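[1] My questions are about this predicted structure, shown below with the sequence.
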Amino acid sequence: MPIPDAAPSANPSDTSRSRAELRWEGFWRLADPKISITSAVCMLIGGSIAATLTPLSWLWLAVLGLALFCMEVAKNAWGDVIDFDSGNDLAVAPEDRTAFSGGKRVLVDGLLSHRETWIVAGIFTAFGLLGGALIVFFREPDVIWIGLFGLVLGWSYHGPPLKLAYRGFGELAVLVCYGPVLVLSTLQIQTGSASWPAFWLSLPLGLLITAFLWVNEFPDYFADVSAGKRNLVARLGRHRASRLLPVIYASAFSLLAALVLFGYSAWILLGFAALPPALYAVREVWRAPQTFYRHKPVQPAALLSFVLYSLGVSCGWLLGYAG
């Protein structure tokens, strides 16, 4: 399949819809609840561990959740601008577009202008930083270091000077952010300190979100290559990358099983609820790495695996504590 060299036709002058309607749709694409849920899923593990150590502060849990939601919107907005300007989103062929990959396409589809998208990024970054500042000044000052590290990684996934997603380090950034950073920050805000149990339980979570990202990079392969976005799937090629997906999943589930051998409650094995959708994703990607996303719900399955791991481990931790 040739690399597309022209943008798919957008229709920003669609007279059947008002400018306000287009802007509203653009905002909701950037908010993208199905992706924003990933932050809440990470908070669930940290909150569950915290609940066995101290009474939860629901107020500060809500403040953190809102701050993370705002940063997710901001990250999606600036990422859409950067990927548009690089030519990446413009190069995604119509048959390769999915609800989980190819960017939010607010610029490609004429829903928002450059200026409007940057305004959304700026406003939601400001609200996210305000939430973080409230946490630092009125709840837990030491969490600032985890927060700053996460902020730098979040910007650097797309943004200069590091542009991690363009240099083959985006997967690692996602593993760290949606594993240890969010789990440990949730725990520290609640209890005043992080913990090794939370860290080790967060690593399989990070691997599972990395697997989700990995699957989402297959539809964008030709666009990524043409735009110089050298993520690991683009570097390896789709066939070889499909053979590494089971390694990522096996690492996550092996680590979870090993934790029981090191004294963790066997209840955390409820995290293996994530295994069936993971196996489904591995099978379909292995069978048809070039086209699986056009016919099979592999991307939703990979996201479901991530969610089920968090639900299972969180419930297992609470049951183990109760027992």
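    Structure received.

[2] middle-most residue in this protein, spatially?
    Residue closest to the mean C-alpha point of the chain, counted by Cα atoms, centre = their mean, is T38 at 5.8 Å.

[3] Buried residues of the helix or strand containing that one, list them for me.
    Using DSSP states H and E, T38 sits within helix 33-51. Neighbour counts over helix 33-51 (16 or more other Cβ atoms under 10 Å) mark 35-36, 38-51 as buried. For every residue, glycine as well, the C-beta is placed using N, CA and C.

[4] And stretch 195-214, by the same measure?
    195, 197-198, 200-214.

[5] Could you do stretch 155-166 as well?
    Neighbour count says stretch 155-166 has 155-159, 162-166 buried, by 16+ other Cβ under 10 Å.

[6] In helices, which of these fall?
    155-158 (DSSP state H).

[7] one step back: let me see the contact set for the residue nearest to the centre of the chain.
    Going by Cβ atoms under 8 Å, 6 or more residues apart in numbering, T38 touches 72, 178, 209, 303, 306.

[8] now S310
    41-42, 44-45, 205.

[9] Quickly find the element holding it.
    Per DSSP H and E: helix 298-322 holds S310.

[10] Could you report the distance from the closest residue in space to R235 that isn't next to it in sequence to N231?
    Take R235 and drop its neighbours on the chain: the residue closest to it by Cβ to Cβ, 6 or more residues apart in numbering is G168, 5.8 Å away. According to Cβ to Cβ, to the nearest Å, G168 stands 6 Å off from N231.

[11] And those two? Which one has more around it.
    Neighbours were tallied for G168 and for N231 using other Cβ atoms under 10 Å; the higher tally belongs to N231 (24 against 16).

[12] Can you read off the pLDDT for the more buried one?
    For N231, the pLDDT comes out at 97.

[13] For it, give me its contacts.
    N231 neighbours (Cβ under 8 Å, 6+ apart): 165-166, 168, 170-171, 217, 224.

[14] next one: D220
    D220 touches 88, 92, 96, 101-102, 229, counting by Cβ under 8 Å, 6+ apart.

[15] Just name the closest of the contacts of N231 to V313, please.
    Distances from V313 to the contacts of N231, taken as Cβ to Cβ, are shortest for E171 (21.6 Å).

[16] The closest one: neighbouring residues, count only.
    E171: 22 neighbours (other Cβ under 10 Å).

[17] show me the contacts for it.
    Taking Cβ under 8 Å, 6+ apart, one finds 210, 213-214, 231-232 in contact with E171.

[18] what's the farthest-apart pair in the residues you listed?
    The span of those, defined through Cβ to Cβ, is set by T210 and N231 at 11.2 Å.

[19] ranges for the helices of the stretch 1-150 of the chain?
    Assigned helices in the stretch 1-150 of the chain, in chain order: 19-31, 33-51, 58-85, 114-138, 144-158 (criterion: DSSP state H, counting those that start in this stretch).

[20] So for L270, which of those helices sits nearest?
    Closest among the helices of the stretch 1-150 of the chain, using Cβ to Cβ: helix 33-51, at 11.5 Å.

[21] With F222 as the reference, measure out to A194.
    Distance, A194 to F222, by Cβ to Cβ: 41 Å.

[22] which of those two has more neighbours?
    A194 (21 against 18).

[23] List only buried entries from the contacts of D220.
    By 16+ other Cβ under 10 Å, the contacts of D220 give 88, 92, 96, 101-102, 229 as buried.

[24] Looking at those, which is nearest S254?
    S101 (27.4 Å).

[25] measure the nearest residue to Q290 once chain neighbours are set aside to L244 for me?
    Nearest residue to Q290, sequence neighbours excluded (Cβ to Cβ, 6+ apart): R238, at 5.9 Å. Counting by Cβ to Cβ, the gap from R238 to L244 is 11 Å.
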